[in-house]
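Chemist: Turn this into a model:
(2 chains)
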Amino acid sequence: MSEPFFDVELRMALPGFSLEYRLQTDERCVGVFGPSGAGKTTAIEHIAGWRGGATGHVRVGGRTLFDSARNVALPPRERGIGYVPQDILLFPHWTVIRNVLAGSHRRNGGSGLDVKVDHVLAMLELTPLLERPVRLLSGGERHRVALARALCSQPDLLLLDEPLASLDLRLRRRILGDLVRVRDELGVPILFISHDATEVQVLCDRVQRLSRGAVVAEGTPASVFGARSGVPAEDYENVLHGEVAHISDFTARVVLASGHELLVPRSGVDKGDRVVVGVRADDVLVALSEPKDISARNILPARIAAVAEEGEAVSLAVVLTGGGDVETELGVNVTEGSLAELRFEEGQDVYLIVKSRALEVLTSIPKP
Amino acid sequence: MDGFADAAVPLWLSLKVAGLATLVVVVPGFLVGLALSRREFPGKAVVETIVELPLVLPPTAVGYMLLLTFGRDGPLGRDTLPFDPGILFTWRAAVIAAAVMALPLVARTARIAFDGVDPRLERMAASLGMSRWRVKWSVTLPIAGRGLMAAALLGFTRALGEFGATAIVAGNIEGKTQTLALAIFNDINEAHEERARALVVIAVVIAFAAISLVGWLQRRDKKLRGEA
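Modeler: Residues are numbered from 1 along each chain as shown, chains lettered A, B, ... in the order given. Model prediction:
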């Protein structure tokens, strides 16, 4: 049996609680989700070699970076990690291009990755800023420079700590799209820390939820955040991946991996773009029979997979039916009153109703 | 204006001595400042105390210790070394005295400059693959740069004003070891008021310029770090 790509086990005492962090998976883009103070940053700064004091091991792609039992602790310089910390840490005395190239002389750690500086600069739209001193950059520009710097150091692993936290919505969308491109075009493995469930779902195939230093849930985004996860669902946003099949002046028709179609506001996308669409669990309606003569543009056949009640909040896990092999699961919030009247239960066939205006394009990746 | 013409010799000697003393003291001063800022080591408090001693001891006491060190049978004297270092009562002794007296100020100010460099920036540099020396050379030093320039400048002014220790190890030999500070003392004792006044004016001008420059460096530094 071969080792998983990520094989991490860290234990350390922190003020007030102890950190017990584990990650064993072959997925290469993992989201670490949890409230602030849960130990997320501590865990990844240990992976980066910025902190000491833990026992356990860190192996990435078969390479041992840390193993307390064997007394191995590579210094940060030898770990081959591109880290974008929350405080960005650009070198204040240098221009954009000097910052970006700060790690470019590093020899490849063996990942076989060959990141081209020009490609990164173009992708992150930094080319016009190259000679600018970094202290004159805006917040979003600083993030992009930090990301470019990490990428151009040819990392074997990218650690991103809340890279979008301090940005406004528009920029967050924009950089989230950049990250998806980094993941897909460069193939860099990513550990992505965030306290935003939507961001994690857009980017990551596997998610961990941390609470007070321990991994309390792990799995696909739907299993960690969905109706069956036990996570308070009131702010839950479903994240759906698809491709734009058709556009008109104001709307775009998006085909999901499961074959279902959604009509969404156009919001700048073009035919062929890959898009990530968000819809809040509160914004999806459930009907027992197929509704007729209704203004909502999206009516989807589905089956209830689970009903979770927590006080007066009820959330349903619903799987779209009549599609292909790929399952699309949505979380839907209903009230206790409608549960009592309509008697939703597992296995029941229903129809989901979503106004196009309730669907939002979270990020789009233009057709190559 | 005779006073100013006569001031040329001690002024030139002072600039030479203080300039060389600054050159001598910056490397150890910066290294000590860096070590005190970045490292925890056993005996750190002792090192801190020794470095700061010249700041609190009477300069004449420091001078006497240097005299013992470089005296004939001292650890660096001609009977101990295989050759005669020829230091005492020359301008070289004045340089050493000034350097020792300037060390605490240089080390202290350098430490503050290094304290101002976020250690996380150094870790970032290391994560990007830079060697330890490269991190210091291309990240720590330039970011601390203005503070270090201020440290050197303060060391220079301290060296320029050095009196007590210099008088003991270098003497007060006109034209050879009589620096500006010693010349003022001499002129007042011997009632050469004109030159004394000229020397004081020069000293005030130099001090004024140096302090303004240090203030400017420190303000610029803050601005660069986005604190102002």
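Chemist: From residue B:39, how far out is residue B:135?
Modeler: From residue B:135 across to residue B:39, the span is 14 Å (CB to CB, to the nearest Å). All C-beta spots, glycine's among them, are computed from the backbone N, C-alpha and C.
Chemist: And those two? Which one has more around it.
Modeler: The residue with more neighbours, out of residue B:135 and residue B:39, is residue B:135; 19 against 8, by other CB atoms under 10 Å in any protein chain shown.
Chemist: My guess is that one contacts residue B:119. True?
Modeler: No - look at residue B:135 against residue B:119 with CB atoms under 8 Å: they stay out of range, at 10.5 Å.
Chemist: Residue nearest the middle of chain A, spatially speaking?
Modeler: Residue closest to the mean C-alpha point of chain A, counted by CA atoms, centre = their mean, is residue A:200 at 2.5 Å.
Chemist: which residues sit in contact with residue A:267?
Modeler: A:252, A:360, A:361 (CB atoms under 8 Å, 6 or more residues apart in numbering or on different chains).
Chemist: Just give me the neighbour total for the first one.
Modeler: Taking other CB under 10 Å as the neighbour definition, residue A:252 ends up with a count of 27.
Chemist: May I have the predicted confidence score for it?
Modeler: pLDDT, residue A:252: 94.
Chemist: The residue nearest to the centre of chain A belongs to a helix?
Modeler: Yes - assessed by DSSP: H, G, I helix; E, B strand; the rest coil, residue A:200 belongs to a helix.
Chemist: ok, it to residue A:179 distance?
Modeler: Plainly put, residue A:200 is 11 Å away from residue A:179 if you go by CB to CB.
Chemist: okay, and the common contacts of the two?
Modeler: Here residue A:200 and residue A:179 have residue A:192 as joint contacts, going by CB under 8 Å, 6+ apart.
Chemist: list the contacts for the residue nearest to the centre of chain A?
Modeler: Going by CB under 8 Å, 6+ apart, residue A:200 touches A:31, A:33, A:192, A:194, A:207, A:221, A:225.
Chemist: Identify the bridge partners of the fourth one.
Modeler: Applying DSSP bridges to residue A:194 yields these beta-bridge partners: residue A:33.
Chemist: can I assume it is in contact with residue A:164?
Modeler: Yes - the criterion here is CB under 8 Å, and residue A:194 meets it with residue A:164 at 7.2 Å.
Chemist: more neighbours, those two?
Modeler: Taking other CB under 10 Å, residue A:194 and residue A:164 do not tie; residue A:194 has more neighbours (25 against 22).
Chemist: Can you name the residues that contact residue B:51?
Modeler: Residues in contact with residue B:51 (CB under 8 Å, 6+ apart) are B:32, B:36, B:103, B:104, B:107.
Chemist: Could you identify which of these has the most neighbours?
Modeler: Most neighbours among the contacts of residue B:51, by other CB under 10 Å: residue B:107, with 28 neighbours.
Chemist: I'd like to know which of the contacts of residue A:267 is nearest to chain B.
Modeler: Ranked by distance to chain B (CB to the nearest CB), those are led by residue A:361 at 34.1 Å.
Chemist: what about that closest one, neighbour count?
Modeler: 20.
Chemist: does any part of stretch B:100-120 sit near chain A?
Modeler: Yes - Stretch B:100-120 reaches chain A (CB under 8 Å from any CB of the partner chain) through B:118, B:120.
Chemist: List the buried residues for that stretch?
Modeler: Residues of stretch B:100-120 classed as buried by neighbour count (16 or more other CB atoms under 10 Å in any protein chain shown): B:100-114, B:116-117.
Chemist: any idea how far it is from the chain center?
Modeler: Remark: stretch B:100-120 is offset 13 Å from the chain centroid, using CA atoms, centre = their mean, to the nearest Å.
Chemist: for chain B, what are the nearby residues on the stretch 151-300 of chain A?
Modeler: Neighbours of chain B within the stretch 151-300 of chain A, by CB under 8 Å from any CB: residue A:153.
Chemist: Look through the stretch 151-300 of chain A and state the residue closest to chain B.
Modeler: Nearest residue of the stretch 151-300 of chain A to chain B (CB to the nearest CB) works out as residue A:153 at 5.0 Å.
Chemist: Which residue is the nearest non-sequential neighbour of that residue?
Modeler: When the adjacent residues along the chain are set aside, residue A:153 lies closest to residue A:103, with 2.8 Å between them (CB to CB, 6 or more residues apart in numbering or on different chains).
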